[in-house]
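Enquirer: Below is the sequence, then the predicted model.
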Amino acid sequence: MAIAQASRIRRGRRPGHRSRAPYLLIAPAVIAMIGFLVYPMASVIYYSLQHYNVTKPWENGFAGLDNFTRLLFEDPLFWQSLGFSVKWVVVEVVLQLLLGLALALIVNESFIGRAFSRAMVFSPWAVSGVLTTGIWLLLYNSQAGVPRYLADLGLMDYGASPLANTDTVFAAAVLAELWRGVPFFAILLLADLQTISGDLYEAASVDGATRIRRFVHITLPHLKDAIILSTLLRAVWEFNNVDLLYTLTGGGPAHQTTTLPLYVATTAAQSHDFGYGSALTTAAFVILTFFSVAYLRLSKFGAR
Amino acid sequence: MTTQTTTRRSSLPPPVRIPPGKRRTADKVSRWQIYVPLGLYLLFTLIPFYWMLVFAFRPRGSSSLLPWPITFENFETVWTDLGFAIFFQNSLMVGVASLVGTTVVALAGGYALARYKFRGRNVFMVAMLCTQFIPGAMMLIPLFEIFRTLGLVNTLWSLVIAETVFQLPLSLILISGFIKNIPMELEEAAWVDGCTRLRAFFTVVLPMLRPALVAVGSFAFIHSWNNFLFALMFVSDQEKFTVPVGLAYTLGEFSVDFGALAAGGVVAAVPVVLVFAFIQRYLVQGMSAGAVKG
């Protein structure tokens, strides 16, 4: 070890010595992220303070907080889409977590066909939002999908599709997103389950702890940080992701399934009101950052 | 008793036999407790895939629940008439380029984060976490303006750059976490043997990073293969469409042609499902080794 210690000093890791190597190594990542993440984000904040509409150039100019007052006080769709976003995120994350945890616990046991079952139940993770839409449109279609076969059996009326009905469209979208969302939690939680030492369970069962007690006192505390981190990442991801709803429901019927990002995307794409779209973006970014910090604090992430 | 204990125990000295008392048999997981919920969940996972396959392979107008008599006419339509051959090629090029870009940049940066203390390191780590809250959909406008300035709008390069940048933060965190777990002493031993730092990295560190590289590379590929919004907004030339954009157009324009939609879906699914089947073992390994723990 003494030699290693000496070489460490020789190679320029002694305190006070500044090597250029780390800066060179990290430069490509920093340049890419400043150019294509930080700068665009800064320009979004700048545009949020401007009137900027490509179709109405004569109105462009500094707007102060106009866009934000409009968003807070004059735009019911902002509040409606924000409300739907919250509902969507909470329902998806809670259901995905519960099913994903159950699935991880099951495929962590040993049984015949385990490797195969794992590959199968994890596979929707790799499927895109658009493809998920394609698949579930085939399932939900009233003429060729499951409803038609159910109607053949006399269980449903002909011609009804869960996506066309305002009472069922939410559940239909939730189910499709669950299908590809659960594997994320199952994979992450299974990875963390595998780092629990078997000796702990051994000791606990010698002490007479039941399965449920072992789950509550060993498994759950061990998984705590993984659960906090994965639910946070997933919440942000579900909040931001627009692929599935954009293609499956298009935000409809009657804006019922419009999330905030979906609202922004359509504002930018259809009305070309980039200034207002940027204000919506800034609002969403602030909400997400605030939520994330609060979530990590309140859940005592990293504390045992 | 869980199976983990059984497998772990093999490496330990022979354990003291505990007499099989009532409480131990009482909480043993029975086979039914595994197979019944697992079977139900498998149905939920596989029926949608099966449904797509049935539509893709059965003849037009058939309402059979089996893909029989099997036909490839839907694939011919999709591949040649709808242009999926080109979309497939475009997606493949973007996917591979993003994979290479993400892995190389994240490897260099991850090594710096794991092995050096330098000024600005902590700021950079916090900034990377913050980027996770940036809504991708909302970066469309400024990114579009940047790519227009650079003359990259309507090129596949815009997609490669956007994909790589959005993949970078998580990849950096994953790889640097992994490198931290490799004992510094291994590298130092190689230096003592006369290796340069670079050579030691390639001969000692890189081989041990395999699970992390597989995870990062496949994330990048799958993510880029699946991305819809960037491809939809940055590319308007049909010759440069990627598979998800092509598929979305199939959803809209050919809403009655379920066979074509399903066949397009199969084309979109096959590469990622293959990659996934190959990597899913590494995925769980890679995650448990460092990512989640951070």
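Expert: Received the coordinates, thanks.
Enquirer: check whether stretch B:251-270 contacts chain A.
Expert: Yes - counting by C-beta under 8 Å from any C-beta of the partner chain, contacts between stretch B:251-270 and chain A involve B:Leu251, B:Phe258, B:Leu261, B:Ala262, B:Gly264, B:Gly265, B:Ala268, B:Ala269. (Glycine included, C-beta is placed from N, CA and C.)
Enquirer: Secondary structure element holding A:Arg213?
Expert: In this structure, A:Arg213 is located in helix A:211-214 according to DSSP states H and E.
Enquirer: if I pick B:Ile134, what's in contact with it?
Expert: Under the criterion of C-beta atoms under 8 Å, 6 or more residues apart in numbering or on different chains, the neighbours of B:Ile134 are A:Leu37, A:Met41, A:Phe285.
Enquirer: Closest one of these to B:Leu206?
Expert: A:Leu37 (27.4 Å; C-beta to C-beta).
Enquirer: from what I can see the closest one touches B:Val165, true?
Expert: Yes - contact status for A:Leu37 versus B:Val165: in contact at 5.9 Å, counting by C-beta atoms under 8 Å.
Enquirer: What about A:Ser278, how many residues nearby?
Expert: Under the neighbour criterion other C-beta atoms under 10 Å in any protein chain shown, A:Ser278 is assigned a count of 26.
Enquirer: Shouldn't it be within a helix?
Expert: Yes - counting by DSSP: H, G, I helix; E, B strand; the rest coil, A:Ser278 falls inside a helix.
Enquirer: contacting residues for it?
Expert: Listed by C-beta under 8 Å, 6+ apart, the contact partners of A:Ser278 are A:Val44, A:Ile45, A:Tyr46, A:Tyr47, A:Ser48, A:Gln50, A:Tyr52, A:Asn67, B:Ile141.
Enquirer: Could you list the buried residues of stretch A:262-271?
Expert: Applying a neighbour-count criterion of 16 or more other C-beta atoms under 10 Å in any protein chain shown, the buried positions in stretch A:262-271 are A:Leu262, A:Tyr263, A:Val264, A:Ala265, A:Thr266, A:Thr267, A:Ala268.
Enquirer: So for the helix or strand hosting B:Leu198, mean pLDDT?
Expert: Counting by DSSP H and E, the element that carries B:Leu198 is helix B:197-200. Along helix B:197-200, the predicted confidence averages to a pLDDT of 86.
Enquirer: If you count neighbours, what's buried in that helix?
Expert: Going by neighbour count (16+ other C-beta under 10 Å), the buried part of helix B:197-200 is B:Ala200.
Enquirer: quick one: the helix or strand following that helix to chain centroid distance?
Expert: For helix B:197-200, the succeeding helix or strand toward the C-terminus, using DSSP H and E, is helix B:206-208. With C-alpha atoms, centre = their mean, to the nearest Å as the basis, helix B:206-208 stands 20 Å off its chain's centre.
Enquirer: How about helix B:206-208 and chain A, touching?
Expert: No - Helix B:206-208 lies apart from chain A when judged by C-beta under 8 Å from any C-beta; the minimum separation is 14.2 Å.
Enquirer: try stretch B:46-64
Expert: Yes - residues of stretch B:46-64 contacting chain A under C-beta under 8 Å from any C-beta: B:Leu46, B:Ile47, B:Pro48, B:Phe49, B:Trp51, B:Met52, B:Phe55, B:Ser63.
Enquirer: just checking, which of those residues belong to helices?
Expert: B:Leu46, B:Ile47, B:Pro48, B:Phe49, B:Trp51, B:Met52, B:Phe55 (DSSP state H).
Enquirer: Averaged pLDDT, stretch A:156-172. What do you get?
Expert: On average, stretch A:156-172 scores 83.
Enquirer: Give me the contacts around stretch A:285-292.
Expert: Outside stretch A:285-292, the residues within contact range by C-beta under 8 Å, 6+ apart are A:41, A:44, A:82, A:232, A:235-236, A:239-240, B:130, B:133-135, B:138.
Enquirer: ok, now stretch A:46-64?
Expert: Contacts of stretch A:46-64 with the rest of the structure, by C-beta under 8 Å, 6+ apart, involve A:65-68, A:271-276, A:278-279, A:281-282, B:141-142.
Enquirer: What subset of those residues is buried?
Expert: Buried positions within the contacts of stretch A:46-64, assessed by neighbour count (16+ other C-beta under 10 Å), are A:66-68, A:273-276, A:278-279, A:281-282, B:141-142.
Enquirer: Most neighbours out of the contacts of stretch A:285-292, which is it?
Expert: Neighbour max across those (other C-beta under 10 Å) = B:Met138, 27 neighbours.
Enquirer: Now it: closest residue in space, sequence neighbours ignored.
Expert: Here the nearest residue to B:Met138 in space, its sequence neighbours aside, is A:Thr281; by C-beta to C-beta, 6 or more residues apart in numbering or on different chains that works out to 3.7 Å.
Enquirer: about what we covered before: relative to B:Ala190, which of the buried ones among the contacts of stretch A:46-64 is nearest.
Expert: Minimum separation from B:Ala190 among those (C-beta to C-beta) is found for B:Pro142, which lies at 44.7 Å.
Enquirer: How many neighbouring residues does residue 78 have?
Expert: Picked chain A for this. The number of residues packed near A:Phe78 is 22, by other C-beta under 10 Å.
Enquirer: my bad, chain B
Expert: The number of residues packed around B:Val78, counting by other C-beta under 10 Å, is 29.
Enquirer: Does it touch B:Phe258 like I think?
Expert: No - contact criterion C-beta under 8 Å: B:Val78 and B:Phe258 do not qualify, at 12.0 Å.
Enquirer: okay, which residue is most central for chain B?
Expert: What sits nearest the mean C-alpha location of chain B, by C-alpha atoms, centre = their mean, is B:Phe219, with 2.9 Å.
Enquirer: Figure out the helix or strand that that residue lives in.
Expert: In the assignment (DSSP H and E), B:Phe219 maps to helix B:210-226.
Enquirer: quick one: low-confidence parts of chain B?
Expert: Within chain B, the stretches falling below the threshold (pLDDT under 70) are B:1-28, B:253-256, B:286-294.
Enquirer: Please identify the helix or strand for the nearest residue to B:Phe55 once chain neighbours are set aside.
Expert: Closest residue to B:Phe55 apart from its sequence neighbours, by C-beta to C-beta, 6+ apart: B:Ala262 at 3.4 Å. Secondary structure from DSSP H and E places B:Ala262 in helix B:258-286.
Enquirer: All set, thanks.
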